[in-house]
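In: Sequence and predicted structure below; questions after.
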Amino acid sequence: MADEMPRADEVTNLTPDEVAAGLRAGRMLLVDVRELNETAVEAYPEAVIVPLSAFDPAAIPDPRGKQVVFACRSGRRSITASVAAQDAGYPYSAHMAGGIIAWKAAGLPTKS
């Protein structure tokens with residue numbers, strides 16, 4: 001596939017339903033890597049925001065045993081963030097495939 005993300009095979013794809021269930025159960029910490037102008041318009045209800053433009057995995061709050069899952073608009077920047085976090089020594093290898101587009105398509109809520 002010509003537009004495949006480099007190193008995408010190092011990242012675990014989760015569906016919006018899997019992430020929503022993990023959030024409800026308190027098993028996941030959702031990290032939105034979209035920019036502040038994007039999250040100001042529409043955001044995941046329970047995500048922490050760590051924009052990719054100034055991404056520092058140390059800025060992610062302590063997940064306290066939860067699985068860290070990255071998310072963005074379509075699923076590309078979240079792969080980039082996961083790979084960058086892994087390169088920095090963090091065990092954060094999951095992202096939500098399809099981003100907020102898939103989240104909304106699954107009928108899950110957003111906040112604005």
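Out: Sure thing, it's come through.
In: use CA for all of it now, contacts and neighbours both
Out: Noted.
In: so L30 touches F70, yeah?
Out: Yes: the pair L30 / F70 is scored as a contact, 5.9 Å apart, by Cα atoms under 8 Å.
In: Looking only at neighbour counts, state which of the two leads.
Out: F70 (32 against 27; other Cα atoms under 10 Å).
In: Now the strand or helix carrying that one: average pLDDT?
Out: Per DSSP states H and E, F70 falls inside strand 67-71. What strand 67-71 shows for mean pLDDT is 98.
In: Give me the helices and strands touching the following helix or strand past that strand, please.
Out: For strand 67-71, the following helix or strand on the C-terminal side (DSSP H and E) is helix 76-87. Helices and strands touching helix 76-87, by 3 or more Cα pairs under 8 Å, 6 or more residues apart in numbering; DSSP states H and E, are strand 67-71, strand 94-96.
In: So what touches the longest one?
Out: Strand 67-71 is touched from outside by 19, 27-34, 77-79, 81-82, 92-97, 99-100, with contacts defined as Cα atoms under 8 Å, 6 or more residues apart in numbering.
In: can you do 7 Å?
Out: Strand 67-71 has contacts (Cα atoms under 7 Å, 6 or more residues apart in numbering) with 27-33, 78, 82, 92, 94-96, 99.
In: What of the last one?
Out: Outside of strand 94-96, the residues within contact range by Cα under 7 Å, 6+ apart are 11-16, 68-71, 75, 78-79, 82.
In: In the sheet, which strands lie alongside it, parallel or antiparallel?
Out: If you go by DSSP bridges, strand 94-96 pairs up with strand 12-14 (parallel), strand 67-71 (parallel).
In: Report the mean confidence score over that strand.
Out: Per-residue scores along strand 94-96 average to 98.
In: Name the next helix or strand downstream of it, please.
Out: The helix or strand immediately downstream of strand 94-96 is helix 99-105, counting by DSSP H and E.
In: CA atoms only for the strand holding F70, dumped as CSV, please.
Out: Listed next in CSV are the C-alpha coordinates belonging to strand 67-71 (Å, rounded to 0.1, in the frame of the first residue of the first chain):
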residue,chain,number,x,y,z
GLN,A,67,-3.0,1.5,28.7
VAL,A,68,-2.0,4.7,26.9
VAL,A,69,-3.9,5.0,23.5
PHE,A,70,-3.1,7.7,21.1
ALA,A,71,-5.8,9.3,18.9
